[in-house]
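Enquirer: with the input below, show me the fold.
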Amino acid sequence: MNLFADIRALVVAELEALMAAGVLPPGLDLAGVAVEPPRDAGHGDMATNAAMVLAKPAGLQPRAIAEALAVKLMEDPRIAGADVAGPGFLNLRLVPGAWQGLVRAVLVEGTGYGRSTLGQARRVNVEFVSANPTGPMHVAHARGAVVGDALARLLAYAGWNVTREYYINDGGGQVDVLARSAYERYREAHGLSPEIAEGLYPGDYLIPVGTALKAKYGDSLLDKGEQFWLAEVREFATEMMMEMIRGDLDALGVRMDVFSSEKALYGTGQIEAAIETLRGLGLIYTGTLEPPKGKAPEDWEPREQTLFKSTAFGDDQDRPVQKSDGSWTYFAPDIAYHYNKVQRGFDELINIFGADHSGYVKRLKAVVSALSENRVTLDIKLIQLVKLLKGGEIVKMSKRAGTFVTLRDLIDEVGPDVVRFVMLTRKNDVALDFDFDKVTEQSKDNPVFYVQYANARVNSILRKAREAGLDVSDATLAAAHLSHLAHEAELEMIRKLAEWPRLVEIAAKGNEPHRVAFYLFELASDFHGLWNRGNDDASLRFLQEDSAISTAKIALARAVGVVICAGLGILGVTPVEEMR
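Expert: Numbering: from 1, shown residues only. This is a model prediction of the structure:
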């Protein structure tokens, strides 16, 4: 049940009736008609912009449309009032029964309440994390992993067919550096002193790799030139790093559907095929680029290169795909990889990148538009940095990692649920402070605790009701006389529950999973407020002497718990039934 969608359907039906009656001209486009919460709750329960968006195409004054629509809407038993405001907004008030019936719908639908068919089973590929396979995941990767996984869960909940994908960056020079670093740990495993030169990876996490290399190769690689061992050690170390990364992701509750290798694009003709496809579209040419901004002419040496005409798709400049010496640029395998996604039949692509990849946004959007002939959309979400704080001080770096705090360090400290929720308490493009003191305190300032405490309180109500001999099964609660939920505070609580299906669709349309975390905090806050009001007003307490009244009030609490659990499921957080 989506009460906002139901009332919008009513508005549309009445507008169509007005067109049929000749009050409005026929054939008006009603797609822009919306029903949403009013900016000021004192104006009503819902508001529609119908008169405002239809006035110009109808050739009528907005108020005239609003007044005619108001008369029609008042014929529906769910509508208690329809008032024209300002230039033509129409504010609606619903009868209490419309809100009370929503509690029953939540209990009947369970965590399916709020699910949507918005995505229409369109295939979407969400690529996220994609960390270089050169070491354990760090805190910045953690945020990208959480945002990507929560977004994938949100889109699946809203009706998309989702594929989670990890792109292994194993085709660049960084994996050669990994191999050389691992080789030094291999020497160390043989009792030799490792030579961790500048530029190599110093972290202790490579010590087990060196031990494993010794177990496999014995001393056969010692004192050999790297031409004899580099390729084998690179492959061995990369696979061990990917095993570590998969373990880190698993500890965070993230499971990928597909792992794609950059290395697999080279020597297979895939890069060449992608470039030739662009050439066939007239988008590849040979030329020289203007000097980068800030470069003096004497510092710039123009070179003829093979270029992709990305400016035809809104990019700032055309992009090199092949250097003058014939080697591919870093952009070339990215083109081939995205062409591969297009060929796999996805309708939409979403990439979750670190903020340092902002320069790739326009060129990748351009190439996807070109290769799919504008059929496939690409949305790129940039993840800002995370700063770890404890006692007001920035947390020191991890010795094991050598240069950064690892994701596993974070999970070991506070647990995966806290990590996941906190990473979604800010929009992805806003920097985030992860304060260990805040996330472990039991107060409203800790959103994880506050939401979980609301769910625990719901379960406490259910336990006490069972102890009092009440049947609190969902079926019994759904059959309760919900007319007992007549207090304005209770109706306000139900209005918040009514926003959930609408919020899911808004968040899914914008690829913004953080909206779910924000909503859950607001829902929990409203529930705690209702609970606390019961301290002063006995009529608002969930357990009453009259069992029929108790059952209705418990039904409301249970409905709150159902929505909290559904939202936490999207965030990938396990609901807590009892606070310890």
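
Enquirer: helix, strand or coil: sort out Thr163 for me.
Expert: Three-state assignment for Thr163 (DSSP: H, G, I helix; E, B strand; the rest coil): strand.

Enquirer: for Asp347, what are phi and psi?
Expert: Dihedral pair for Asp347: phi -90, psi -30, per degrees, to the nearest 10.

Enquirer: quick check: it vs Glu165, distance?
Expert: 15 Å (C-beta to C-beta, to the nearest Å). (Glycine included, C-beta is placed from N, CA and C.)

Enquirer: give me the more crowded residue out of these two.
Expert: Remark: of Asp347 and Glu165, Glu165 carries more neighbours, 25 against 17, as counted by other C-beta atoms under 10 Å.

Enquirer: measure the more buried one to His338 for me?
Expert: Distance from Glu165 to His338, by C-beta to C-beta: 11 Å.

Enquirer: check Leu206 too.
Expert: 32 Å.

Enquirer: mind checking which of these two has more residues around it?
Expert: Legend: neighbour count by other C-beta under 10 Å for Leu206 and His338, higher for Leu206 (28 against 25).

Enquirer: please enumerate the helices of the stretch 351-500 of the chain.
Expert: 361-371, 407-414, 416-423, 436-440, 447-467, 474-478, 488-509 (DSSP state H, counting those that start in this stretch).

Enquirer: Serialize those helices to CSV and add fields for distance to Leu154 and mean pLDDT.
Expert: Below are the helices of the stretch 351-500 of the chain laid out as CSV (distance: least, C-beta to C-beta, whole Å; pLDDT from 0 to 100):
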stretch, distance to Leu154, mean pLDDT
helix 361-371, 22, 96
helix 407-414, 22, 92
helix 416-423, 13, 96
helix 436-440, 22, 90
helix 447-467, 17, 96
helix 474-478, 25, 96
helix 488-509, 6, 97
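
Enquirer: quick one: Gly391 from Lys438, how far?
Expert: 11 Å.

Enquirer: show me which of those two is the more surrounded one.
Expert: Lys438 (16 against 8).

Enquirer: contacting residues for that one?
Expert: 445-446 (C-beta atoms under 8 Å, 6 or more residues apart in numbering).

Enquirer: list the residues that contact Val573.
Expert: 417, 420-421, 448.

Enquirer: in these, find the pair that's most separated.
Expert: Arg420 and Val448 (8.9 Å; C-beta to C-beta).

Enquirer: and the two? Which one has more around it.
Expert: Per other C-beta under 10 Å, whichever of Arg420 and Val448 has more neighbours is Arg420, with 27 against 24.

Enquirer: tell me how far the more buried one lies from Met256.
Expert: 16 Å.

Enquirer: break this protein into its domains for me.
Expert: 3-94, 100-113+445-571, 174-251 (automatic domain parsing).

Enquirer: and the ones you listed, which is most packed in?
Expert: Most buried of the domains of the chain by mean neighbour count (mean count of other C-beta atoms under 10 Å) is domain 100-113+445-571; its value is a mean of 19.

Enquirer: name the spans of the protein whose pLDDT lies under the cut-off.
Expert: Applying pLDDT under 70 to the chain flags the ranges 294-300, 397, 399-401, 580.

Enquirer: centroid-nearest residue for it?
Expert: Leu151 (2.7 Å; C-alpha atoms, centre = their mean).

Enquirer: name the element it belongs to?
Expert: helix 139-157 (DSSP states H and E).

Enquirer: starting at the chain centroid, how far to that helix?
Expert: 5 Å (C-alpha atoms, centre = their mean, to the nearest Å).

Enquirer: likewise for stretch 234-242?
Expert: 29 Å.

Enquirer: identify the residues contacting Ile380.
Expert: Ile380 neighbours (C-beta under 8 Å, 6+ apart): 350-353, 357, 360-361, 364-365.

Enquirer: from Leu432, how far off is it?
Expert: If you go by C-beta to C-beta, the gap between Ile380 and Leu432 works out to 19 Å.

Enquirer: with Ile7 instead?
Expert: 37 Å.

Enquirer: before we move on, what about Pro320?
Expert: Pro320 is 35 Å from Leu432, by C-beta to C-beta.

Enquirer: identify the residue spatially nearest to Ile7, adjacent ones excluded.
Expert: Val35 (5.1 Å; C-beta to C-beta, 6 or more residues apart in numbering).

Enquirer: quickly list what the one you found is bridged to.
Expert: Val35 has these beta-bridge partners by DSSP bridges: Thr48.

Enquirer: where does Leu90 land in three-state SS?
Expert: With three-state DSSP as the criterion, Leu90 reads strand.

Enquirer: okay but it is in contact with Val53, surely?
Expert: No. Assessed by C-beta atoms under 8 Å, Leu90 is found out of contact with Val53, at 11.6 Å.

Enquirer: closest one to Glu14 out of the contacts of Val573, please.
Expert: Phe421 (42.1 Å).

Enquirer: surely the closest one and Leu571 touch.
Expert: Yes. Counting by C-beta under 8 Å, Leu571 is a contact partner of Phe421 at 6.1 Å.

Enquirer: contacting residues around stretch 403-421?
Expert: Residues contacting stretch 403-421 (C-beta under 8 Å, 6+ apart): 136-139, 141-142, 145-146, 150, 202-203, 248, 251-253, 388, 395, 397-398, 400-401, 434, 436, 439-440, 447-448, 451, 517, 571-574.

Enquirer: first-to-last residue distance for that stretch?
Expert: One end of stretch 403-421 to the other measures 25 Å (C-alpha to C-alpha, to the nearest Å).
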